[in-house]
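A.B. asks: How does the following fold in three dimensions:
(one chain, ligands or ions: 1)
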Amino acid sequence: MKAVVIDDEQKLHWQDVDAPTPGADEVLIKIHATAINRADLMQRKGFYPPPPGASTIMGLECAGEVAAVGENTSKFKVGDRVCALLAGGGYAEIVAVHEGSVLPIPGGDTFIHGACLPEVFATAWLNLFIEAKLQPGEKVILHAGASGVGTAAIQLCKSFGSPCFVTAGTAAKIAACIELGANAGSNRHEGSFFEKADDFSAGAGIDVILDPVGGSYLEDNLKLLGLNGRLVLIGLMGGNVAQINLAMLLMKRLRVIGSTLRTRPVEEKAVVMAQLLEKVWPKIESGEIKPIVDTVFPIEEVEKAHALVESDETIGKVVMSVQS
Ligand SMILES: NC(=O)c1ccc[n+]([C@@H]2O[C@H](COP(=O)([O-])OP(=O)(O)OC[C@H]3O[C@@H](n4cnc5c(N)ncnc54)[C@H](OP(=O)(O)O)[C@@H]3O)[C@@H](O)[C@H]2O)c1
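C.D. replies: Sure thing, here's the model as predicted:
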């Protein structure tokens with residue numbers, strides 16, 4: 001099969017590699033589309049190695065057709081149209097993945113749309129609803145609101161009854177977030193988000209913050225959280241070191257939760273995927289929640305696709321189509 005290989009100078013090549021074979025608990029997928037995640041850019045630079053046992057090929061999600069099934073699997077048959085959350089291996093023609101990480105493409109939608117869903121909806125669902133235990137009516141801040149994860153999280157907040165405030169890098173991105181369901185926003189290049197987010201909370205404090213930025217936002221995040229507030233840290237785009245006043249944690253009974261999806265055991269990922277199937281897939285089928293596609297490239301143009309994501313200009317997902 002063909003896959004994207006990273007050379008010694010971090011350049012990308014679509015070239016022949018050995019194809020995987022499915023284990024007893026795995027499904028083999030013939031990939032028709034895969035999508036880019038921020039983590040891929042870090043993996044390419046050598047900062048985010050795949051977890052032990054995972055494919056060394058980049059790619060955390062895909063959509064395609066089931067090509068073979070392992071002997072212990074029961075959910076899928078050859079020919080089913082599916083999408084999957086991957087620990088790696090998505091930038092390829094074929095991937096093997098545990099069946100618990102595979103879902104049907106909702107509503108018979110396209111492979112391009114299917115490839116946009118698994119990583120960002122699993123991340124947003126896991127961290128808002130399982131880790132932070134978000135309740136209807138609670139107020140949320142979503143940093144990097146126009147990112148893949150952010151656009152999924154905005155729609156989940158709106159659909160499940162939680163008003164949300166976003167930060168993003170341009171006025172156009174904030175407008176797009178509001179169009180998707182955010183209530184207000186702040187441009188990260190125009191000073192701290194603190195004042196606007198404080199107005200949004202109307203003095204009651206924020207209940208949940210989903211933060212991929214880390215160090216540079218920590219102090220303002222903790223100041224904005226109300227009693228029993230939860231900060232879920234999912235990335236470190238703004239640095240991994242910060243100084244904080246621990247008294248704030250004590251007095252407001254705050255919880256700071258660190259969370260990664262990729263390194264979790266397959267059993268934990270299966271729980272997240274099952275909840276998506278039950279609670280979110282019907283909303284995608286009805287059109288209430290949508291996959292947000294910024295641009296589609298053929299996978300042979302992976303360098304261009306990565307450059308676009310790295311530009312910080314995208315809203316939602318950059319997808320790569322795979323034709324073989
Ligand atoms: N822990 C996990 O399990 C997990 C899983 C998935 C993703 N993530 C993290 O979630 C984040 C979003 O991922 P994604 O793939 O959805 O990203 P994406 O679509 O590539 O969007 C990332 C956006 O972040 C903003 N950004 C870039 N540098 C920033 C900085 N220094 N400070 C603040 N904002 C910055 C940019 O938007 P603006 O210019 O508009 O701000 C950029 O477009 C990433 O940090 C990723 O690593 C974590």
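A.B. asks: Tell me the spacing between Leu86 and Gly107.
C.D. replies: Relative to Gly107, Leu86 is positioned 22 Å away (CB to CB, to the nearest Å). Yep, even glycine has a C-beta here, placed from its N, CA and C like the rest.
A.B. asks: wait, Glu71
C.D. replies: Distance, Glu71 to Gly107, by CB to CB: 30 Å.
A.B. asks: ok, the residue lying closest to Glu119 once chain neighbours are set aside - contacts?
C.D. replies: Nearest residue to Glu119, sequence neighbours excluded (CB to CB, 6 or more residues apart in numbering): Glu61, at 4.3 Å. Neighbouring residues of Glu61 by CB atoms under 8 Å, 6 or more residues apart in numbering: 34-35, 37, 83-86, 90, 115-119.
A.B. asks: quick one: which of those residues is most hemmed in?
C.D. replies: Gly90 (35 neighbours; other CB atoms under 10 Å).
A.B. asks: So it, which state does it fall into?
C.D. replies: At Gly90 the chain is in coil, as set by DSSP: H, G, I helix; E, B strand; the rest coil.
A.B. asks: Give me the number of neighbouring residues for the nearest residue to it once chain neighbours are set aside.
C.D. replies: In this structure, Gly90 finds its nearest non-sequential neighbour in Gly59, 2.2 Å apart by CB to CB, 6+ apart. A count of nearby residues for Gly59, using other CB under 10 Å, gives 28.
A.B. asks: pLDDT at Gly59, what is it?
C.D. replies: We have a pLDDT of 98 for Gly59.
A.B. asks: got the contact list for stretch 315-324?
C.D. replies: Contacts with stretch 315-324, where a contact means CB under 8 Å, 6+ apart, come from 1-2, 30-36, 64, 91-93, 111-112, 115-116, 120, 146, 148, 151, 173, 176, 291-299, 301-302, 305, 308-309.
A.B. asks: And it, how far out from the chain middle?
C.D. replies: Averaged C-alpha coordinates place stretch 315-324 at 15 Å from its chain's average position (CA atoms, centre = their mean, to the nearest Å).
A.B. asks: ok, it near the ligand or not?
C.D. replies: No. Legend: contact between stretch 315-324 and the ligand by CB under 6 Å from any ligand atom is lacking; minimum distance shown is 6.9 Å.
A.B. asks: So which bits of that stretch are buried?
C.D. replies: Residues of stretch 315-324 classed as buried by neighbour count (16 or more other CB atoms under 10 Å): 315-322.
A.B. asks: cool, stretch 124-141 as well?
C.D. replies: By neighbour count on 16+ other CB under 10 Å, the buried set for stretch 124-141 is 124-129, 131-132, 134, 138-141.
A.B. asks: Same check on stretch 300-314?
C.D. replies: Buried residues in stretch 300-314, defined by neighbour count with 16+ other CB under 10 Å: 300-302, 305-306, 308-309, 314.
A.B. asks: What's the end-to-end length of that stretch?
C.D. replies: Its first and final residues considered, stretch 300-314 spans 20 Å by CA to CA, to the nearest Å.
A.B. asks: same thing with stretch 266-285?
C.D. replies: 26 Å.
A.B. asks: quick check, Phe121 in a strand?
C.D. replies: No. Under the criterion used here (three-state DSSP), Phe121 is helix, not part of a strand.
A.B. asks: That one contacts Trp281, correct?
C.D. replies: No. In this structure Phe121 lies outside contact range of Trp281 using CB atoms under 8 Å: 9.1 Å.
A.B. asks: who has more neighbours, those two?
C.D. replies: Phe121 (28 against 20).
A.B. asks: mind listing what the more buried one touches?
C.D. replies: By CB under 8 Å, 6+ apart, the contact set of Phe121 is 152, 156, 276, 280.
A.B. asks: Can you add pLDDT and give the residues you listed back as a markdown table?
C.D. replies: Below are the contacts of Phe121 laid out as a markdown table (pLDDT from 0 to 100):
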| residue | pLDDT |
| --- | --- |
| Ala152 | 98 |
| Leu156 | 98 |
| Leu276 | 98 |
| Val280 | 98 |
